[in-house]
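> Fold the following for me, if possible:
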Amino acid sequence: MRTAQLILAGFIFVLGGAAWAADAISLAELAKPGRVLMLRHANAPGIGDPPNFKLEDCSTQRNLDAAGRAQAQALGRRLAQAGVREARVYSSQWCRCLETARLLNLGPVTSQPGLNSFFARSEQRDTKLAALRSFLAGLPTNGPPVILVTHQVTITAFTGEGVNSGGGSVFKLNGSGAPRLLGAIEPG
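Residues are numbered from 1 along each chain as shown. From the prediction side, this is the model:
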């Protein structure tokens, strides 16, 4: 089973960049009220999580490398230069997502279980997506920018598109669990 998951993950990873069809969008779009950036965590070498993965123990997880930390910091600077100097930042509970969110340096980070990965837990897919949609529906349509740091599998399930590490999708909130996709940002 683990081998099949790794083969599938490799296939998704390879096609992820090629499948990305959303138009590129200016980071300044995020400075407008009611915008959300659904961001894939920055570079963390490998696929999935090790067999001994424990949510509460970062040493058992796949984590950001030096390039990933630099990538997250650079994106934070790019966002600030584009006018997003403070945002409501939410993150998956995985360490690589929390670290990415903190390194953006755009505001306090709140963990949001609806952003957690279901890569090796496909039976959780519908529950996680329903929680994410409910969360999005509850966000104010005229509020400050929101950044959601999550995983490839979550973004792909939500948008139908792949995204590279440190890249993401920009949405306009509309009071529903299906905000309007505006475009994509490239990794920082």
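
> Please determine how far Glu29 is located from Thr156.
22 Å (C-beta to C-beta, to the nearest Å). In short, each C-beta sits where N, CA and C put it, glycine included.

> Actually, Lys172.
Noted for Lys172: a distance of 20 Å to Thr156, by C-beta to C-beta.

> And for Ala70?
For Ala70, the distance to Thr156 - C-beta to C-beta - is 25 Å.

> Next: Ala67.
For Ala67, the distance to Thr156 - C-beta to C-beta - is 22 Å.

> again with Val89
Counting by C-beta to C-beta, the separation of Val89 from Thr156 is 21 Å.

> Comparing these two, which shows the higher neighbour count?
Val89 (25 against 17; other C-beta atoms under 10 Å).

> if I pick the more buried one, what's in contact with it?
Each residue near Val89 by C-beta atoms under 8 Å, 6 or more residues apart in numbering is listed here: 101, 104, 106-110, 146-147, 149.

> please redo it, this time with the cut-off set to 6 Å
101, 106-107, 109, 147 (C-beta atoms under 6 Å, 6 or more residues apart in numbering).

> does the closest residue in space to Pro187 that isn't next to it in sequence count as helix, strand or coil?
Once flanking residues are discounted, Pro187 sits nearest to Gly166: 3.5 Å by C-beta to C-beta, 6 or more residues apart in numbering. Here Gly166 is recorded as coil under DSSP: H, G, I helix; E, B strand; the rest coil.

> Name the spans of this structure whose pLDDT lies under the cut-off.
1-24, 120, 188 (pLDDT under 70).

> which residues in it form helices?
With DSSP state H as the criterion, the chain has helices at 2-19, 66-81, 95-104, 125-137, 152-159.

> Kindly compare burial across those and name the winner.
Across those, averaging neighbours per residue (mean count of other C-beta atoms under 10 Å) puts helix 95-104 on top, at a mean of 25.

> Could you tell me the end-to-end distance of stretch 87-97?
16 Å (C-alpha to C-alpha, to the nearest Å).

> How far off centre is that stretch?
8 Å (C-alpha atoms, centre = their mean, to the nearest Å).

> So which of the helices of the chain is nearest Ile47?
helix 2-19 (4.2 Å; C-beta to C-beta).

> With distance to Ser59 added, can I get the helices of the chain in a markdown table?
Compiled in a markdown table, the helices of the chain are given as follows (distance: least, C-beta to C-beta, whole Å):
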| stretch | distance to Ser59 |
| --- | --- |
| helix 2-19 | 20 |
| helix 66-81 | 16 |
| helix 95-104 | 9 |
| helix 125-137 | 25 |
| helix 152-159 | 22 |
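
> Of all these, which one is nearest Phe119?
Among those, helix 152-159 sits nearest to Phe119 (C-beta to C-beta), with 4.7 Å.

> tilt between that closest one and helix 95-104?
80 degrees (axes from the mean of the first three to the mean of the last three C-alpha atoms, to 10 degrees).

> could you dump helix 152-159 to PDB, C-alpha only?
These are the backbone C-alpha positions of helix 152-159, laid out as PDB (Å, rounded to 0.1, in the frame of the first residue of the first chain):
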ATOM      1  CA  GLN A 152      -0.800  20.000  -2.300                       C
ATOM      2  CA  VAL A 153      -3.600  17.400  -1.700                       C
ATOM      3  CA  THR A 154      -5.900  19.900  -0.100                       C
ATOM      4  CA  ILE A 155      -5.400  22.600  -2.800                       C
ATOM      5  CA  THR A 156      -5.800  20.000  -5.600                       C
ATOM      6  CA  ALA A 157      -9.000  18.600  -4.100                       C
ATOM      7  CA  PHE A 158     -10.400  22.100  -3.600                       C
ATOM      8  CA  THR A 159      -9.400  23.600  -6.900                       C
END
